[in-house]
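J.: predicted model, plus sequence, below.
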Amino acid sequence: MTSGHVPHTIEQLCEPGLAVYARTLREGRISSAEAEQTPCLIDFGLLHPDPDDMRWLHPTAPAAALPRLLRTFEDRVEEQQQLGTRLASAFEPFVALDAGADAAGDTAPIIVLDGLERINAAIDRAMRDSTEEFLAIQPGGTRPPETLAEAFPRDQAMLSRGCRMRTLYQHTTRHAMPVVGYFEQLDGDAEARTLDEVTERLFVFDRTVAFIPASEDRSVALELRHPALIEYFATTFWRLWRLATPMWPQTALQPSENGITPRQRAIATLLVEGLTDAEIASRLGMNIRTARVHIAKLASTLGSRSRAQLGFAISRSGILSAS
(Lines give C-alpha, C1' and ligand atoms only; values in the text may rest on other atoms or scores of the structure.)
Protein backbone atom coordinates (compact mmCIF):
# COMPACT_ATOMS: atom_id res chain seq x y z
CA MET A 1 0.00 0.00 0.00
CA THR A 2 1.26 3.46 -0.89
CA SER A 3 2.50 5.32 2.19
CA GLY A 4 -0.19 7.65 3.51
CA HIS A 5 -2.96 6.32 1.26
CA VAL A 6 -5.85 4.56 2.98
CA PRO A 7 -7.85 2.12 0.84
CA HIS A 8 -11.43 3.24 0.24
CA THR A 9 -14.46 2.66 -1.93
CA ILE A 10 -15.27 4.74 -5.01
CA GLU A 11 -18.08 6.60 -3.26
CA GLN A 12 -15.50 7.83 -0.74
CA LEU A 13 -12.90 9.03 -3.24
CA CYS A 14 -10.09 10.69 -1.28
CA GLU A 15 -9.27 14.40 -1.53
CA PRO A 16 -5.78 13.78 -3.05
CA GLY A 17 -7.40 11.52 -5.65
CA LEU A 18 -9.99 14.17 -6.55
CA ALA A 19 -7.24 16.79 -6.91
CA VAL A 20 -5.02 14.60 -9.13
CA TYR A 21 -7.97 13.53 -11.30
CA ALA A 22 -9.05 17.16 -11.80
CA ARG A 23 -5.50 18.19 -12.67
CA THR A 24 -5.12 15.33 -15.17
CA LEU A 25 -8.39 16.29 -16.84
CA ARG A 26 -7.09 19.86 -17.25
CA GLU A 27 -3.62 18.89 -18.49
CA GLY A 28 -4.51 15.76 -20.46
CA ARG A 29 -2.02 13.45 -18.79
CA ILE A 30 0.12 12.92 -15.69
CA SER A 31 3.32 10.99 -15.10
CA SER A 32 3.06 7.58 -13.42
CA ALA A 33 5.45 8.75 -10.73
CA GLU A 34 3.21 11.70 -9.81
CA ALA A 35 0.18 9.42 -9.52
CA GLU A 36 1.84 6.89 -7.19
CA GLN A 37 0.35 8.54 -4.09
CA THR A 38 -3.20 8.06 -5.42
CA PRO A 39 -3.39 4.42 -6.61
CA CYS A 40 -7.17 4.57 -6.20
CA LEU A 41 -7.47 6.46 -9.49
CA ILE A 42 -5.99 3.52 -11.41
CA ASP A 43 -7.85 0.92 -9.35
CA PHE A 44 -11.18 2.62 -10.15
CA GLY A 45 -10.29 3.15 -13.81
CA LEU A 46 -10.18 6.95 -13.62
CA LEU A 47 -6.62 6.91 -14.97
CA HIS A 48 -5.17 4.51 -17.51
CA PRO A 49 -1.65 3.96 -18.93
CA ASP A 50 -0.57 5.36 -22.26
CA PRO A 51 -0.25 2.17 -24.38
CA ASP A 52 2.78 3.59 -26.19
CA ASP A 53 4.57 5.04 -23.16
CA MET A 54 3.78 3.55 -19.75
CA ARG A 55 5.50 6.47 -18.01
CA TRP A 56 2.32 8.50 -18.59
CA LEU A 57 -1.29 8.12 -17.50
CA HIS A 58 -4.34 9.59 -19.22
CA PRO A 59 -7.70 10.44 -17.63
CA THR A 60 -10.87 8.54 -18.38
CA ALA A 61 -13.56 10.99 -19.41
CA PRO A 62 -16.08 11.55 -16.58
CA ALA A 63 -18.95 10.90 -18.97
CA ALA A 64 -17.49 7.44 -19.66
CA ALA A 65 -16.32 6.69 -16.11
CA LEU A 66 -19.57 7.49 -14.31
CA PRO A 67 -21.84 4.94 -16.08
CA ARG A 68 -19.22 2.22 -15.55
CA LEU A 69 -18.90 3.02 -11.83
CA LEU A 70 -22.69 3.07 -11.48
CA ARG A 71 -22.79 -0.39 -13.03
CA THR A 72 -20.29 -1.46 -10.36
CA PHE A 73 -22.76 -0.40 -7.66
CA GLU A 74 -25.59 -2.19 -9.45
CA ASP A 75 -23.49 -5.34 -9.70
CA ARG A 76 -22.66 -5.13 -6.00
CA VAL A 77 -26.34 -4.87 -5.08
CA GLU A 78 -27.20 -7.74 -7.41
CA GLU A 79 -24.46 -9.90 -5.86
CA GLN A 80 -25.81 -9.27 -2.37
CA GLN A 81 -29.32 -10.13 -3.53
CA GLN A 82 -28.07 -13.34 -5.13
CA LEU A 83 -26.20 -14.22 -1.94
CA GLY A 84 -29.38 -13.73 0.08
CA THR A 85 -31.31 -15.91 -2.34
CA ARG A 86 -28.69 -18.67 -2.20
CA LEU A 87 -28.59 -18.58 1.59
CA ALA A 88 -32.38 -18.72 1.80
CA SER A 89 -32.46 -21.71 -0.57
CA ALA A 90 -29.71 -23.46 1.38
CA PHE A 91 -31.57 -22.98 4.64
CA GLU A 92 -34.95 -24.29 3.47
CA PRO A 93 -34.24 -28.01 4.05
CA PHE A 94 -32.54 -27.30 7.37
CA VAL A 95 -35.47 -25.25 8.61
CA ALA A 96 -37.71 -28.20 7.84
CA LEU A 97 -35.36 -30.59 9.66
CA ASP A 98 -35.13 -28.28 12.64
CA ALA A 99 -38.90 -28.22 13.04
CA GLY A 100 -38.84 -31.78 14.36
CA ALA A 101 -35.39 -31.83 15.95
CA ASP A 102 -34.40 -31.37 19.55
CA ALA A 103 -30.80 -30.41 18.75
CA ALA A 104 -29.48 -27.08 20.05
CA GLY A 105 -28.83 -24.22 17.64
CA ASP A 106 -25.05 -24.45 18.00
CA THR A 107 -25.06 -27.92 16.35
CA ALA A 108 -26.89 -26.79 13.20
CA PRO A 109 -25.29 -27.88 9.88
CA ILE A 110 -24.90 -24.24 8.74
CA ILE A 111 -24.57 -21.22 11.02
CA VAL A 112 -24.34 -17.66 9.70
CA LEU A 113 -21.77 -15.65 11.65
CA ASP A 114 -22.37 -11.92 11.29
CA GLY A 115 -19.56 -9.65 12.49
CA LEU A 116 -15.83 -10.18 13.02
CA GLU A 117 -16.19 -10.61 16.78
CA ARG A 118 -18.61 -13.50 16.38
CA ILE A 119 -16.54 -15.05 13.58
CA ASN A 120 -13.30 -14.92 15.60
CA ALA A 121 -15.01 -16.34 18.69
CA ALA A 122 -16.34 -19.32 16.70
CA ILE A 123 -12.92 -19.97 15.13
CA ASP A 124 -11.26 -19.74 18.56
CA ARG A 125 -13.66 -22.38 19.91
CA ALA A 126 -12.94 -24.68 16.97
CA MET A 127 -9.19 -24.29 17.49
CA ARG A 128 -9.48 -25.07 21.21
CA ASP A 129 -11.54 -28.18 20.45
CA SER A 130 -9.30 -29.39 17.61
CA THR A 131 -7.17 -32.45 18.44
CA GLU A 132 -6.06 -33.85 15.08
CA GLU A 133 -5.80 -31.52 12.07
CA PHE A 134 -6.11 -27.90 10.98
CA LEU A 135 -6.24 -27.13 7.23
CA ALA A 136 -6.10 -23.49 6.12
CA ILE A 137 -6.14 -21.61 2.82
CA GLN A 138 -4.92 -18.02 3.16
CA PRO A 139 -5.28 -16.00 -0.09
CA GLY A 140 -3.47 -12.73 -0.65
CA GLY A 141 0.13 -11.75 0.05
CA THR A 142 1.81 -11.30 3.39
CA ARG A 143 -0.04 -11.20 6.70
CA PRO A 144 0.54 -8.22 9.01
CA PRO A 145 2.88 -8.90 11.97
CA GLU A 146 0.12 -7.97 14.43
CA THR A 147 -2.19 -10.59 12.87
CA LEU A 148 0.52 -13.22 13.15
CA ALA A 149 1.25 -12.24 16.75
CA GLU A 150 -2.43 -12.63 17.62
CA ALA A 151 -2.65 -16.05 15.95
CA PHE A 152 0.58 -17.48 17.41
CA PRO A 153 -0.71 -18.54 20.88
CA ARG A 154 -3.71 -20.32 19.37
CA ASP A 155 -1.66 -22.09 16.69
CA GLN A 156 1.05 -23.13 19.15
CA ALA A 157 -1.49 -24.43 21.68
CA MET A 158 -3.10 -26.53 18.97
CA LEU A 159 0.26 -27.91 17.79
CA SER A 160 1.23 -28.67 21.39
CA ARG A 161 -1.84 -30.92 21.68
CA GLY A 162 -0.48 -33.02 18.80
CA CYS A 163 -2.49 -31.48 15.95
CA ARG A 164 -0.95 -31.11 12.53
CA MET A 165 -1.31 -27.80 10.68
CA ARG A 166 -1.18 -27.41 6.91
CA THR A 167 -1.45 -23.93 5.39
CA LEU A 168 -1.77 -23.05 1.70
CA TYR A 169 -0.72 -19.53 0.66
CA GLN A 170 -0.21 -17.76 -2.65
CA HIS A 171 3.29 -17.53 -4.16
CA THR A 172 3.59 -13.87 -3.14
CA THR A 173 3.90 -15.04 0.47
CA ARG A 174 7.23 -16.72 -0.32
CA HIS A 175 8.85 -13.29 -0.21
CA ALA A 176 7.13 -12.24 3.03
CA MET A 177 9.66 -12.63 5.84
CA PRO A 178 7.07 -12.21 8.65
CA VAL A 179 5.27 -15.36 7.50
CA VAL A 180 8.46 -17.38 7.10
CA GLY A 181 9.66 -16.21 10.52
CA TYR A 182 6.30 -17.17 11.99
CA PHE A 183 6.69 -20.79 10.97
CA GLU A 184 10.25 -20.81 12.30
CA GLN A 185 8.88 -19.99 15.76
CA LEU A 186 6.19 -22.67 15.79
CA ASP A 187 7.04 -25.93 17.56
CA GLY A 188 5.10 -28.84 16.10
CA ASP A 189 3.88 -30.51 12.93
CA ALA A 190 3.33 -27.42 10.75
CA GLU A 191 3.87 -27.18 6.98
CA ALA A 192 3.15 -24.51 4.37
CA ARG A 193 2.98 -24.56 0.57
CA THR A 194 2.15 -21.99 -2.12
CA LEU A 195 0.28 -21.70 -5.43
CA ASP A 196 -0.16 -18.84 -7.91
CA GLU A 197 -3.91 -18.83 -7.27
CA VAL A 198 -5.94 -20.34 -4.46
CA THR A 199 -9.58 -20.39 -3.44
CA GLU A 200 -11.10 -17.94 -0.98
CA ARG A 201 -10.17 -18.30 2.70
CA LEU A 202 -10.96 -21.71 4.17
CA PHE A 203 -10.44 -23.27 7.62
CA VAL A 204 -11.17 -26.97 8.30
CA PHE A 205 -10.80 -28.43 11.81
CA ASP A 206 -10.65 -32.20 12.40
CA ARG A 207 -12.98 -32.72 9.43
CA THR A 208 -15.86 -31.76 11.71
CA VAL A 209 -16.25 -28.01 11.20
CA ALA A 210 -15.22 -25.57 8.45
CA PHE A 211 -15.38 -21.81 8.02
CA ILE A 212 -15.73 -19.89 4.74
CA PRO A 213 -16.41 -16.18 4.06
CA ALA A 214 -19.95 -15.23 3.02
CA SER A 215 -19.31 -11.58 2.08
CA GLU A 216 -16.67 -9.79 0.06
CA ASP A 217 -15.32 -7.89 3.08
CA ARG A 218 -15.32 -11.11 5.20
CA SER A 219 -17.57 -9.52 7.82
CA VAL A 220 -19.99 -12.45 7.37
CA ALA A 221 -18.91 -16.09 7.46
CA LEU A 222 -20.50 -19.54 7.41
CA GLU A 223 -19.73 -22.14 10.06
CA LEU A 224 -20.32 -25.50 8.37
CA ARG A 225 -20.82 -28.84 10.12
CA HIS A 226 -22.52 -30.82 7.36
CA PRO A 227 -20.36 -33.95 6.76
CA ALA A 228 -20.71 -33.82 2.96
CA LEU A 229 -19.61 -30.18 2.83
CA ILE A 230 -16.70 -30.80 5.21
CA GLU A 231 -15.49 -33.72 3.12
CA TYR A 232 -15.79 -31.66 -0.07
CA PHE A 233 -13.68 -28.81 1.34
CA ALA A 234 -11.07 -31.15 2.81
CA THR A 235 -10.75 -33.04 -0.49
CA THR A 236 -10.38 -29.75 -2.39
CA PHE A 237 -7.66 -28.66 0.02
CA TRP A 238 -5.59 -31.82 -0.39
CA ARG A 239 -5.86 -31.72 -4.19
CA LEU A 240 -4.54 -28.15 -4.19
CA TRP A 241 -1.89 -29.14 -1.66
CA ARG A 242 -0.47 -31.81 -3.99
CA LEU A 243 -0.18 -29.19 -6.77
CA ALA A 244 1.50 -26.60 -4.52
CA THR A 245 5.19 -25.78 -4.04
CA PRO A 246 6.67 -26.46 -0.56
CA MET A 247 7.60 -23.35 1.43
CA TRP A 248 8.07 -24.68 4.97
CA PRO A 249 9.86 -26.57 6.45
CA GLN A 250 11.67 -27.43 3.19
CA THR A 251 11.62 -24.70 0.59
CA ALA A 252 11.47 -25.73 -3.06
CA LEU A 253 12.82 -23.11 -5.46
CA GLN A 254 10.71 -21.98 -8.38
CA PRO A 255 13.06 -22.15 -11.37
CA SER A 256 13.12 -19.54 -14.12
CA GLU A 257 12.99 -20.60 -17.77
CA ASN A 258 14.52 -18.46 -20.50
CA GLY A 259 14.68 -15.52 -18.11
CA ILE A 260 10.95 -15.72 -17.27
CA THR A 261 10.12 -16.31 -13.61
CA PRO A 262 7.13 -18.45 -12.55
CA ARG A 263 5.37 -15.33 -11.30
CA GLN A 264 5.88 -13.56 -14.63
CA ARG A 265 4.56 -16.63 -16.42
CA ALA A 266 1.43 -16.53 -14.25
CA ILE A 267 1.02 -12.84 -15.07
CA ALA A 268 1.51 -13.57 -18.77
CA THR A 269 -1.33 -16.11 -18.65
CA LEU A 270 -3.70 -13.52 -17.18
CA LEU A 271 -2.54 -10.82 -19.60
CA VAL A 272 -3.43 -13.06 -22.53
CA GLU A 273 -6.86 -13.56 -20.93
CA GLY A 274 -7.34 -9.79 -21.14
CA LEU A 275 -7.30 -8.99 -17.41
CA THR A 276 -6.47 -5.47 -16.22
CA ASP A 277 -3.53 -4.71 -13.93
CA ALA A 278 -5.89 -4.47 -10.94
CA GLU A 279 -7.54 -7.81 -11.76
CA ILE A 280 -4.14 -9.52 -12.18
CA ALA A 281 -2.97 -8.15 -8.83
CA SER A 282 -6.14 -9.39 -7.12
CA ARG A 283 -5.96 -12.88 -8.65
CA LEU A 284 -2.28 -13.33 -7.71
CA GLY A 285 -2.46 -11.78 -4.25
CA MET A 286 -0.15 -8.82 -4.84
CA ASN A 287 -0.59 -5.07 -4.88
CA ILE A 288 -1.08 -3.36 -8.21
CA ARG A 289 2.32 -1.64 -8.17
CA THR A 290 4.12 -4.97 -7.77
CA ALA A 291 2.07 -6.41 -10.63
CA ARG A 292 3.10 -3.51 -12.87
CA VAL A 293 6.76 -3.97 -12.00
CA HIS A 294 6.55 -7.61 -13.12
CA ILE A 295 4.64 -6.65 -16.26
CA ALA A 296 7.35 -4.12 -17.13
CA LYS A 297 10.10 -6.73 -16.56
CA LEU A 298 8.19 -9.25 -18.66
CA ALA A 299 7.84 -6.71 -21.47
CA SER A 300 11.57 -5.95 -21.31
CA THR A 301 12.53 -9.64 -21.38
CA LEU A 302 10.28 -10.30 -24.39
CA GLY A 303 11.42 -7.16 -26.21
CA SER A 304 7.99 -5.53 -26.15
CA ARG A 305 8.09 -1.74 -26.20
CA SER A 306 4.43 -1.16 -25.32
CA ARG A 307 1.58 -2.81 -23.48
CA ALA A 308 -0.33 -3.10 -26.73
CA GLN A 309 2.43 -5.32 -28.19
CA LEU A 310 2.92 -7.41 -25.06
CA GLY A 311 0.09 -9.88 -25.69
CA PHE A 312 1.47 -10.65 -29.16
CA ALA A 313 5.00 -10.99 -27.76
CA ILE A 314 3.78 -13.46 -25.12
CA SER A 315 1.97 -15.59 -27.70
CA ARG A 316 4.96 -15.57 -30.05
CA SER A 317 7.45 -16.45 -27.28
CA GLY A 318 5.88 -19.81 -26.45
CA ILE A 319 6.40 -19.32 -22.70
CA LEU A 320 2.85 -20.37 -21.88
CA SER A 321 3.03 -23.64 -23.79
CA ALA A 322 6.21 -24.44 -21.88
CA SER A 323 4.54 -24.03 -18.47
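T.: On my side now, so go ahead. Model, not experiment: these values are computed from the prediction.

J.: CA atoms for contacts and neighbours, from now on please.
T.: Fine.

J.: low-confidence ranges, the stretch 51-200 of the chain, go.
T.: 72-77, 92-107, 141-142, 175-177 (pLDDT under 70).

J.: now the strands for it?
T.: With strands called from DSSP state E, counting those that start in this stretch, the stretch 51-200 of the chain shows them at 53-59, 110-114, 133-138, 164-170, 189-195.

J.: please identify the deepest-packed of those strands.
T.: Across the strands of the stretch 51-200 of the chain, the average number of neighbours (mean count of other C-alpha atoms under 10 Å) peaks for strand 164-170, which reaches a mean of 23.

J.: need the strands of the stretch 51-200 of the chain in CSV (columns: distance to R218).
T.: Listed next are these as CSV, based on distance: least, C-alpha to C-alpha, whole Å:
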stretch, distance to R218
strand 53-59, 32
strand 110-114, 9
strand 133-138, 13
strand 164-170, 17
strand 189-195, 22
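
J.: do you know which of those strands lies nearest Q309?
T.: Evaluated over these, closeness to Q309 peaks at strand 53-59, with 11.7 Å, by C-alpha to C-alpha.

J.: pairing partners for the closest one, with directions?
T.: For strand 53-59, the paired strands and their directions (DSSP bridges) read strand 30-31 (antiparallel), strand 47-50 (antiparallel).

J.: which one of those is the most hemmed in?
T.: Each of the strands paired with strand 53-59 was scored by mean neighbour count; the highest is strand 47-50, a mean of 20, by mean count of other C-alpha under 10 Å.

J.: how far does that strand sit from the chain's center?
T.: Relative to the centre of its chain, strand 47-50 is centred 24 Å away, using C-alpha atoms, centre = their mean, to the nearest Å.

J.: ditto for stretch 22-42
T.: Offset of stretch 22-42 from its chain centre (C-alpha atoms, centre = their mean): 26 Å.

J.: could you chop the chain up by domain?
T.: Per automatic domain parsing, the structural domains of the chain span 10-60, 103-248, 262-317.

J.: circling back: make TSV out of the strands paired with strand 53-59 and add mean pLDDT and distance to H58.
T.: Conversion of the strands paired with strand 53-59 to TSV gives the following (pLDDT from 0 to 100; distance: least, C-alpha to C-alpha, whole Å):
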stretch	mean pLDDT	distance to H58
strand 30-31	92	7
strand 47-50	86	5
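
J.: export the ones you listed to TSV and tack on distance to R218?
T.: Formatted as TSV, the strands paired with strand 53-59 follow (distance: least, C-alpha to C-alpha, whole Å):
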stretch	distance to R218
strand 30-31	35
strand 47-50	28
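
J.: how about the one residue sitting closest to the centre of the chain: what's its closest non-neighbour residue?
T.: Central residue of the chain (C-alpha atoms, centre = their mean): G140, 3.8 Å from the mean position. Leaving out its chain neighbours, the residue that sits closest to G140 by C-alpha to C-alpha, 6 or more residues apart in numbering is G285, at 3.9 Å.

J.: repeat that for H58.
T.: R29 (4.5 Å).

J.: tabulate the domains of the chain in CSV, adding columns for distance to L87.
T.: Shown next, in CSV, are these (distance: least, C-alpha to C-alpha, whole Å):
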stretch, distance to L87
domain 10-60, 28
domain 103-248, 9
domain 262-317, 25
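
J.: and those domains: which comes nearest L70?
T.: Nearest to L70 among the domains of the chain is domain 10-60 (10.0 Å), distances taken as C-alpha to C-alpha.

J.: picking that back up, what sits against the residue nearest to the centre of the chain?
T.: Residues in contact with G140 (C-alpha atoms under 8 Å, 6 or more residues apart in numbering) are 169-170, 172-173, 282, 284-286.

J.: buried only: go through those for me.
T.: Buried residues within the contacts of G140, counting neighbours by 16 or more other C-alpha atoms under 10 Å: 169-170, 172-173, 282, 284-286.

J.: hey, where'd the helices end up in this structure?
T.: 15-27, 40-43, 62-99, 116-129, 145-160, 177-185, 227-243, 262-272, 277-284, 288-302, 307-317 (DSSP state H).

J.: off-centre distance for stretch 168-179?
T.: That offset, for stretch 168-179, works out to 12 Å (C-alpha atoms, centre = their mean).

J.: nope, stretch 111-119 is what I meant
T.: Counting by C-alpha atoms, centre = their mean, stretch 111-119 comes out at 20 Å from the chain centroid.

J.: tell me the buried residues in stretch 280-293?
T.: Buried positions in stretch 280-293, judged by neighbour count with 16+ other C-alpha under 10 Å: 280-289, 291-292.

J.: between the contacts of G140, which is nearest E146?
T.: T173 (16.1 Å).

J.: wouldn't that closest one be in contact with Y182 here?
T.: No. Using C-alpha atoms under 8 Å, T173 is not in contact with Y182, being 12.0 Å away.
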